[in-house]
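A.B. asks: make a model of this:
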Amino acid sequence: MQVIHTVEIIFGLLVAVASLALLARRLNIAYPILFVIGGLVISLIPGLPRVRLDPELVFLLFLPPLLYPAALFTSWRDFHANLRPISMLAIRLVLTTTVAIAFVAHKLFGLPWAAAFVLGAIVSPPDAVAATAITKRLRVPHHLITIIEGESLVNDATALVIYRFAVAAVVTGTFSLALAGLEFILVAAGGIVLGAAIGWLASLVQGRLDDPPVQTILSLLTPFAAYLAADKLGASGVLAVVTAGLYLGWRSPEIINPRTRFQVFPVWEMVVFLLNGLIFILIGLQLPDILENLSRQSLPKVCWQAALLNAALIFVRIAWIFTTKHLPDLVRNNPAKNRPRSNWRHTAIVAWTGMRGVDSMAAAMALPLTTNLGSPFPGRDLILFHTFSVILVTLVLQGLSLPLLIRWLRVVDDGIAEKEELRARLSAVHAALVRLNEFKGQCDERVLEGLRAQYENRLRELESGADAGKHFWQTPQAATYQRLLSEALFAERRTILQLRNDKVINDEVLRRIQRDLDLAELRLNRT
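C.D. replies: Numbers count the residues shown, from 1 in each chain. Predicted coordinates:
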C-alpha cells in the first residue's frame, strides 16, 4: 500500500508540473516562479498528504543533473573571458552577503552568531537552476547571461564551505578561521581536479563508442560520478560537476557523433524540465511543515523579520555590485575585440538577478536537530522559515520584475551571437566548396556540380544577409522562402500519410521519411 501511495504522489506531482508549465507558457512567465507558487497553493489544500523534502535526496538526485547540463551548454570561451567578474561574484559577494545577513540575524532576530552565519551561508548564493530557467528567456546581451549563470554555477562551493564550518561551530562550539580558509582552498581545488578527471575519463569512453542509447546513459551518469567521487573524498561536489560539464561541453562536438547528439540533447532537455518542475513544486509544498514548526513563534513577528531579511539581502547585492571597484567595468562584452563596455544598465541587471532556490532549501533542511550536547539546534525553525521566505520573495519579486526592468532600461540583445553564427556559416560553406573543388576530375561531374550548386545557393543566401548586416532569415526574401518550403513539406507529409493509409507503404517506411521531413521542419522553425 505504501508503494501505491508513493506512486500516486509522484503521478500527482507530474500532472501538476505539466499543468503549471502550460499555465506558465500561457502567462509568459518563467516556470520556476509558477511552480513554487503552485506548490504553495497545493500545500494549503486540506486533506492532501504531506510531502517532505529529503535534503540528502536533493543534494544527490537533483543538484548534479541540474547543474551538469547548465555547465555542459555554457560556452567555455565566454565563461573564461568573464572569469574575473564571475569569481568576484561567486566568492567575494557570497562572503560579504553571509557576513551582512549574519549581522542582521544576530542583531535584529537574536540568533547566536554561529547560527546567524549558518543562515547567511544558506541564503547567500543565487541558484543556478533558477538563474538558468529565468535568464534564458530574456533577450539581453549574451555576456550578461554568461556572468549570471557562471556566478550561480560556482558560488555554491563558497557558500557550502561556510555552511559546513558554521554548522560545525554550532554543533561543537569550536571554530578556526585559519582551518576554514585552508579547507576552502583544498575543497575547491579538489572539486576542480576531480571534475576534470571525470570529464576526461567520460570523454575518453564516449569518443570510442557509437551506440546512442549507451552513450545517453553514460551522459546521465557522468554528473553523479563527479559528485559522488568528490563528496566521498571531501571535495566540492558542486565544482566537480560544473568542471566536468564545462570540459565535456568543450569536447563533445569533437567526440559525439550526430546520431548520438540527436538522442542525448532531447533526453537532457526532458530530464531538466521534469526535475526543475518537481523540485520547485516540492519547495512550495514544504510550507505546512515549516509553519507547524513555528507554532511557538509569533507569525506576524517572523513575517516582519522575513521582510527585513529579504530587503537586506537584495540591498547588499545591489550596493556591493555598484560600489565594488572595477566590477561594473568588468561586466562587458568579451572576448571579441572592439566590443563596447557595458554601462550601468547592464550592471543593474546583474545586481537584480539574485534568485535563490534548490540549494538553499536543501541546505536548510539538512541542518541537524541537536548539538553535541543534546540541546536543540538554535534557531533551526527560524532558519527554515527565513530560507523559504527568501526563495519565495526572490523568485517571485525579482523573477517577475526582471523582464520589466530590462524593458524599462531598454537593454536589448546586442546581436553579437547572430553575427558570429553568420561568419561561422560563411566560413563553413567556403570550406565545403574548397573541399569539393579538390575532387574535380576524380568523380562524376554531374554529381559534383549538383552539390556545388547547393552550396553556392546557400552561400548566396548567407551573403545576402551579410550585405544587409543581418542574418538571411531577417531579410525580405526569407518570408517567401519559409512559406514555400513550409507548403512543400506539408505536401510531402500529406502524400506519405495517404500512401500509408492506402497500404502502399508500411509504418516503418513512413517513420523513416517522416524523420527527414521533421529535421527539415525543425531547421525551418528554428530560423
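
A.B. asks: wait, what's in contact with Ala189?
C.D. replies: Residues in contact with Ala189 (CB atoms under 8 Å, 6 or more residues apart in numbering) are Ala235. Yep, even glycine has a C-beta here, placed from its N, CA and C like the rest.

A.B. asks: residue with max distance from the center of this structure?
C.D. replies: Using CA atoms, centre = their mean, the residue of the chain lying farthest from its centre is Gly441. It sits 51.3 Å away.

A.B. asks: pLDDT wise, what is Val396 at?
C.D. replies: Model confidence at Val396, given as pLDDT, is 88.

A.B. asks: oh, I was asking about Asp467
C.D. replies: 53.

A.B. asks: tell me the helix or strand right after the lowest-mean-pLDDT helix or strand in the chain.
C.D. replies: None of the helices or strands of the chain scores lower by mean pLDDT, DSSP states H and E than helix 327-330, at a mean of 56. Helices and strands here follow DSSP states H and E; after helix 327-330, the next one along the chain is helix 344-352.

A.B. asks: quick one: buried residues of that following helix?
C.D. replies: Residues of helix 344-352 classed as buried: 346-352 (neighbour count, 16 or more other CB atoms under 10 Å).

A.B. asks: so, low pLDDT: which residues of the stretch 51-200 of the chain?
C.D. replies: 53, 128-129, 132, 175 (pLDDT under 70).

A.B. asks: change it to 90
C.D. replies: Applying pLDDT under 90 to the stretch 51-200 of the chain flags residues 51-63, 66-67, 70-71, 73-85, 87, 108-110, 114, 126-188.

A.B. asks: gap between Val104 and Val123?
C.D. replies: According to CB to CB, to the nearest Å, Val104 and Val123 sit 11 Å apart.

A.B. asks: the more surrounded of the two?
C.D. replies: Neighbour count, other CB atoms under 10 Å: between Val104 and Val123, Val123 has more, with 28 against 21.

A.B. asks: that one: what's it in contact with?
C.D. replies: Shown in contact with Val123 (CB under 8 Å, 6+ apart): 97, 101, 309, 313, 356, 360, 386-387, 390.

A.B. asks: picking that back up, could you dump the buried residues of helix 344-352 to JSON lines with distance to Val41 and pLDDT?
C.D. replies: Formatted as JSON lines, the buried residues of helix 344-352 follow (distance: CB to CB, whole Å; pLDDT from 0 to 100):
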{"residue": "His346", "distance to Val41": "36", "pLDDT": "87"}
{"residue": "Thr347", "distance to Val41": "36", "pLDDT": "88"}
{"residue": "Ala348", "distance to Val41": "32", "pLDDT": "90"}
{"residue": "Ile349", "distance to Val41": "30", "pLDDT": "90"}
{"residue": "Val350", "distance to Val41": "31", "pLDDT": "90"}
{"residue": "Ala351", "distance to Val41": "30", "pLDDT": "91"}
{"residue": "Trp352", "distance to Val41": "26", "pLDDT": "91"}
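
A.B. asks: from the chain's centroid, how far away is whichever strand or helix holds Val193?
C.D. replies: Val193 belongs to helix 177-207 when assigned by DSSP H and E. Its chain's C-alpha centre and that of helix 177-207 lie 20 Å apart, by CA atoms, centre = their mean, to the nearest Å.

A.B. asks: please save the CA atoms from the helix or strand following that helix in PDB.
C.D. replies: Where DSSP H and E defines the elements, the next helix or strand beyond helix 177-207 is helix 212-232. What follows is helix 212-232, C-alpha atoms only, in PDB (Å, rounded to 0.1, in the frame of the first residue of the first chain):
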ATOM      1  CA  PRO A 212      23.400   6.300 -28.800                       C
ATOM      2  CA  PRO A 213      21.400   4.600 -26.100                       C
ATOM      3  CA  VAL A 214      24.500   3.500 -24.200                       C
ATOM      4  CA  GLN A 215      26.100   7.000 -24.600                       C
ATOM      5  CA  THR A 216      22.900   8.600 -23.400                       C
ATOM      6  CA  ILE A 217      23.000   6.500 -20.200                       C
ATOM      7  CA  LEU A 218      26.700   7.400 -19.700                       C
ATOM      8  CA  SER A 219      25.900  11.100 -20.200                       C
ATOM      9  CA  LEU A 220      23.200  10.800 -17.500                       C
ATOM     10  CA  LEU A 221      25.600   9.100 -15.100                       C
ATOM     11  CA  THR A 222      28.500  11.500 -15.500                       C
ATOM     12  CA  PRO A 223      27.300  14.200 -13.100                       C
ATOM     13  CA  PHE A 224      26.600  11.600 -10.400                       C
ATOM     14  CA  ALA A 225      30.000  10.100 -10.800                       C
ATOM     15  CA  ALA A 226      31.700  13.500 -10.500                       C
ATOM     16  CA  TYR A 227      29.500  14.500  -7.500                       C
ATOM     17  CA  LEU A 228      29.900  11.200  -5.600                       C
ATOM     18  CA  ALA A 229      33.700  11.000  -6.200                       C
ATOM     19  CA  ALA A 230      34.200  14.500  -4.900                       C
ATOM     20  CA  ASP A 231      31.800  14.000  -2.000                       C
ATOM     21  CA  LYS A 232      33.500  10.800  -0.800                       C
END
